[in-house]
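1. Show me how the following folds:
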Amino acid sequence: APVPTVTGVSKVGQTLTLHAGDWGGVDDDVTLDYQWYRTRAGETELIDDATDDTYDLIADDLGATITVTVTGTQRGYDDQSKTSVASAVVAKGTFASPHAPTVSGTFAVGATLTAVMGDWSPNDPTFAYQWYRGKSAIPSATGSTYVPVLADLGAKISVSVTATEDGYQSVSGTTAKTLIALGAF
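-> Model (predicted):
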């Protein structure tokens, strides 16, 4: 029974792939079963429902190493189990396609402006917003929308957005600053 190997990037959101090797027996009718494990601070735990030849790393794996045990069975032979070498410590994932924020709406007093984030991969992160008048944060303007007031007339408005997701590195971006005009009646 060969020692299995695991390939892939040890980051949340990535996939580890098992390479079991050649487990041929007398008649090559060997059945292979797989079980993935995570080890953190010397404690190893079985990962529920992780019994395929690939494993998608999740936030629970952050800071752990991952191994897989392959068990070969064949009628008339003793079962054999081999465990792979541990993966590198699982690091925070990165968003595959973060989009810079934009603003939709009319840049005028009384009109609603909306921060637009687009599609993100691989997850749907949580967004935190802060709207700015010039370089100064606007108190209490922390939602995805903002309605400019008279104090904003002639000022440049922008929004800074931070995306967060368990197990992933946070990403921040700020929209271009756009001048606010007088609203229409």
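
2. could you pull out the helices for this structure?
-> In the chain, no helices are found when defined by DSSP state H.

3. Quick check: which ranges of it have low pLDDT?
-> 25-27, 97-98, 122-123, 183-185 (pLDDT under 70).

4. 90 instead, please
-> Residues of the chain meeting the criterion pLDDT under 90: 1-2, 21-31, 73-79, 94-101, 117-125, 163, 171-173, 176, 180-185.

5. Specify the beta-bridge partners of Ser81.
-> Following DSSP bridges, Ser81 is listed with bridge partners Thr71.

6. Let me know the distance separating it from Gln35.
-> Separation of Ser81 from Gln35 (C-beta to C-beta, to the nearest Å) stands at 9 Å. For glycine as for every other residue, the C-beta is placed from the backbone atoms N, C-alpha and C.

7. between the two, which one's more packed in?
-> Between Ser81 and Gln35, Gln35 has the larger neighbour count (other C-beta atoms under 10 Å), namely 15 against 12.

8. Identify the residue nearest that one in space, chain neighbours excluded?
-> Thr69 (5.1 Å; C-beta to C-beta, 6 or more residues apart in numbering).

9. So what's the residue count around the one you found?
-> Residues near Thr69, counting by other C-beta under 10 Å, number 16.

10. same question, Asp22
-> 8.

11. Now the common contact residues for Ser81 and Gln35.
-> Common contacts of Ser81 and Gln35 (C-beta atoms under 8 Å, 6 or more residues apart in numbering): 69, 71.

12. Does the residue nearest to Gln35 touch Thr44 like I think?
-> No - using C-beta atoms under 8 Å as the test, Thr69 is too far from Thr44 to be in contact (10.4 Å).

13. Report the set of residues contacting both of these two.
-> Joint contacts of Thr69 and Thr44 (C-beta under 8 Å, 6+ apart) are Tyr37.

14. thinking again about what came up before, what sits against the residue nearest to Gln35?
-> Shown in contact with Thr69 (C-beta under 8 Å, 6+ apart): 34-35, 37, 81-84.

15. how about a cut-off of 7 Å?
-> Counting by C-beta atoms under 7 Å, 6 or more residues apart in numbering, Thr69 makes contact with 35, 37, 81, 83.

16. quick one: it from Gly42, how far?
-> For Thr69, the distance to Gly42 (C-beta to C-beta) stands at 18 Å.

17. cool, Lys92 as well?
-> With C-beta to C-beta as the criterion, Lys92 and Gly42 are 22 Å apart.

18. higher neighbour count, the two?
-> Neighbour comparison, Lys92 and Gly42: the larger count goes to Lys92, with 16 against 5 (by other C-beta under 10 Å).

19. Quick one: end-to-end length of stretch 158-173, please.
-> Stretch 158-173 has an end-to-end distance of 11 Å (C-alpha to C-alpha, to the nearest Å).
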